[in-house]
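1. Next come a sequence and a model predicted from it.
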Amino acid sequence: MHRSDKRIPGHCQGLPRCGMGAVAAMIGLVCLIGSSTLAADKITAIRGGDLYTITSGIIRNGTLLIKDGRIWKLGRDLSVPKDAQVIEAKGKIVMPGMVAIRGDLGISGSASKMADALDPFGQSVTFALASGVTSVYVSRGSADAVIKPTYGDLDSMLLKESVLQSLSVSNAQWLNKTNLLIAMRQARTYLQDLAVYERDKTADKKTAPPKMPSDSRQYLSLLKGEATALIQANAARDILGALELVDEFGIKMILYGAVEAWTVAHEIAKRDVAVAIVPRAKQESNEDITAPSGSSLENGAILKRAGVRFAIIPPSTSFTASNGGIAGRDLMTLPLEAAFAISGGLDEQTALEAITLTPAQLLGVADRVGSLQPGKDADIIILDGDPFHYNTFVQTTIINGKILYEKDKSTLFSFIQH
Amino acid sequence: MRRVVLFVLGIFLVCTADVVAESGKTYAYAIRAGKILTMAPRAKGSKSLQVINHGIILVSQGKIEALGPESEVDIPSGYTIIEAGQYWVMPGIVESHCHVGADMGDLNDMVMQVNPELRASDVVWLDDLPYTKAISGGVTTIHTMPGSGTNQGGFTVIIKTDPSDPDNVILREFGAMKATQAFNPERRGGDLGATRMGMSWLLRQFLAQARSYHEGWVAYEQGDTQEKPQFKPQWENLRRVFNKEIPTIVHTYSTWGVMQTIRMFNDENHLPVIATHTAFGGYGAAREAAKRPDVSINIGPRVVEFRSSVERDNRFHGMGAEYAQAGVKNLSINTDSVSWTDSMAPQEELASQATVSARYGLDDQAALEGITINAARALKIDQRVGSLEVGKDADIVIKKTSLIDPTTPVEMVLVNGRIAYQRKDTDLITESPL
């Protein structure tokens, strides 16, 4: 990868001129990135790579232009403006940064508001960049958000807040589910009463507004269709139990885990519920029943055939460097997890979508990230080979048009030359 | 190769009847392979593996009877054809270090610090689910062993992964002697052996006694002395170790630990030794390991480290790559999988451990060898398994691409010449012999 030597006026060439970088240097952090910020009106061109757009196929030997931090144009025969910063990508693969539907990224300590817990210098931020994962859904306590690993840049980290509502529902824990149903029905009654009150209040001034039941606040946005429920459900009976909520309340839902989703794929498809699967997840089949049960490597392929949208996520959702971690099973190798789904018969295009556009859609950020389309954030990764080959590494990671990681210039993986 | 064909025909004439008679069912197969990756030892200095494109493997009586290019191997009549023209055919994967097939409570006998009387073969449980799953990942031989709670946990066992054939499950009852030099036994409080000095003394004393017992018997057997040594069953097991029939496998970590393993077992006692785990900067001793032909390195479950404890260098280290670059040729890869938790790499994902090793800098060939022939050689079972060669056990994996490519599933696995696993929907058998 060779970028043009042309330097941009005001371009940050050394740490002392970068505000955040200076902080990093002062507190003794090693700056792992070529901190190449681009002036707002400058154009960056990624030239000659195969553009995996996700939404409109692969553009071989194409060019992608970035302007104002967004994807400006892409195609085969684009002319590159004279003063553009050029990234040569011949023989490389250019694709949108990957999106993780759950992960541990960029959070330090605890806080009730995600914005108060962000750490743009965290190790997970550096590792996410080197792994090509540029948007991650993070939840901690009652707070949740989609976060970008914009190293050193606090202001760019939050892509979206209050994204999903985690619900705990399991038919195996019937009391738990009964309580949930009671609370949701109360919340629904409240909303109905509120609508009646709103309709009648000008005519009949004496009516008091209905009282909001305690603990129902979290269900209101779900019932109004403003939020999506995230439900951990692996066994088929738990999945079906969760689907009953869709039938009764019409809420939007993502099933997380969904090991046995393949056994009830059509039930899920009927209700337009999405899932997040761990393709290599293991669960023994239940020998006490005759229906299919347990895990299947074909989970993804079967869901695809049934028309269910799904995202792929590895068994561990951290960016791991600790010696306790077993490598190859976390977000540092997200495509490797998708490879397991491919070995179960899933096509590569859908597998790519499951680590880019689909999770972006499920998180409600597909207008910004998840594909190479004009107008979207320029969150782009350049790979040195097939996305699903185990020896492929991210060469360059760009977020909001800024180059935040270059393998050759980072200590992390530059020693690897396949 | 012509000689092979003649040999094949000879065998066929003599044996076919026996094959069929044995159980009323023939186990004679001819595999037509798109590509055979034999994993036979590489020629000295050669960088590439032995590959036969469009080859045939004949299997009978549980063994590989012949293999070669289509033009050189005739398929005798009566052999069931396995049509794998679109597939790679490779040896079954060999797990060099795991604990499946038994419960943790049965594998860690925590009373004595040294336990030469104990054998993992006494507790192998063929219904154990993680054990029965191994085959779906192409794993055909596993080396399962006592835990690392004591300095010498007993003896390991080497088993095949086809539980439907219990008579032939055990490949070798005494797999290796298991010893532990770092970390796990240190957790015990108060006893001798809680410190590394104490552990070293316990193991040295133990080895000295075992060696003395063995040498006493050797002297008697060779007629050097008329005085018959006293028979001690617990030391009898150790004679296999000092005869070098079986290796010692030593749970060890860090440069200190790997060096301690090399010195104590190989330098002081001249034993063939497998240093296993060897993480947390253990590759600091890689060059010393490389110098000694009887020392082999067995990595896993950790195969990647960040910012090694040797150099604070803020980079990832592929452990396989570190050892290989220092010249270690005897390198194998494990999962260390267990039956009682799913937080580690499960048994059927041993190939993934090699995949990840390759990703982080070990070359693909070495990664493949690490889960086949090198693992077999370290365990001294390479005359039976680890590669596809005439006379070896017919443990065979059929898959669309390389063993370490995670994008394709294992289609079919043979263990001891029997079809022990077929992926649902796979139908490679096209001709019936009778």
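-> Noted; the coordinates are in hand.
2. From residue A:307, how far out is residue B:280?
-> 48 Å (C-beta to C-beta, to the nearest Å). For glycine as for every other residue, the C-beta is placed from the backbone atoms N, C-alpha and C.
3. Of these two, give the one with the bigger neighbour count.
-> The neighbour comparison of residue B:280 against residue A:307 (other C-beta atoms under 10 Å in any protein chain shown) goes to residue B:280, with 23 against 12.
4. The residue at the greatest distance from the centre of chain B and residue A:58: what is the separation?
-> Largest separation from the mean C-alpha position in chain B: residue B:226, at 40.4 Å (C-alpha atoms, centre = their mean). Residue B:226 sits 83 Å away from residue A:58, taking C-beta to C-beta as the criterion.
5. rewinding a little: please list all residues in contact with the residue farthest from the centre of chain B.
-> By C-beta atoms under 8 Å, 6 or more residues apart in numbering or on different chains, the contact set of residue B:226 is residue B:220.
6. ditto for the one 3 residues further on
-> Residues counted as contacts of residue B:229 (C-beta under 8 Å, 6+ apart) are B:213, B:216-217, B:220.
7. which helices and strands does the helix or strand hosting residue A:199 pack with?
-> Using DSSP states H and E, residue A:199 sits in helix A:174-200. Under the contact criterion of 3 or more C-beta pairs under 8 Å, 6 or more residues apart in numbering or on different chains; DSSP states H and E, helix A:174-200 touches helix A:217-223, helix A:236-249.
8. which residues in the stretch 1-150 of chain B form helices?
-> Applying DSSP state H, counting those that start in this stretch to the stretch 1-150 of chain B gives helices spanning B:2-23, B:104-107, B:129-133.
9. what about the second one, distance to the chain center?
-> Taking the mean C-alpha point of helix B:104-107 and that of its whole chain, the gap between them comes to 21 Å (C-alpha atoms, centre = their mean, to the nearest Å).
10. how about that helix: buried residues?
-> B:106-107 (16 or more other C-beta atoms under 10 Å in any protein chain shown).
11. is chain B contacted by stretch A:102-120?
-> No: judged by C-beta under 8 Å from any C-beta of the partner chain, stretch A:102-120 makes no contact with chain B; its nearest approach is 15.6 Å.
12. Okay, buried residues for that stretch please.
-> A:102-107, A:114, A:117-118, A:120.
13. residues in contact with that stretch?
-> Contact partners of stretch A:102-120, identified using C-beta under 8 Å, 6+ apart, comprise A:20, A:122, A:124-125, A:128, A:133, A:136-145, A:147, A:149-154, A:157-158, A:161, A:256, A:276, A:313, A:317-319, A:331.
14. Return the subset of these lying in strands.
-> A:133, A:136-140, A:143-145, A:147, A:158, A:161, A:256, A:276 (DSSP state E).
15. what about residue B:186, neighbour count?
-> A count of nearby residues for residue B:186, using other C-beta under 10 Å, gives 15.
16. Give the residue spans of the chain that score low on pLDDT.
-> By default, I'm working from chain A. For chain A, the stretches with pLDDT under 70 are A:1-41, A:170-172, A:204, A:321-325.
17. should've been chain B
-> Looking at chain B by pLDDT under 70, you get B:1-26, B:187-190, B:308-311, B:430-434.
18. Spatially nearest residue to residue B:383, not counting backbone neighbours?
-> residue B:392 (7.3 Å; C-beta to C-beta, 6 or more residues apart in numbering or on different chains).
19. wait, isn't that neighbour in contact with residue B:62?
-> No: taking contacts as C-beta atoms under 8 Å, residue B:392 lies outside contact range of residue B:62: 10.0 Å.
20. Look at residue A:415 and give its secondary structure.
-> Three-state call for residue A:415 (DSSP: H, G, I helix; E, B strand; the rest coil): coil.
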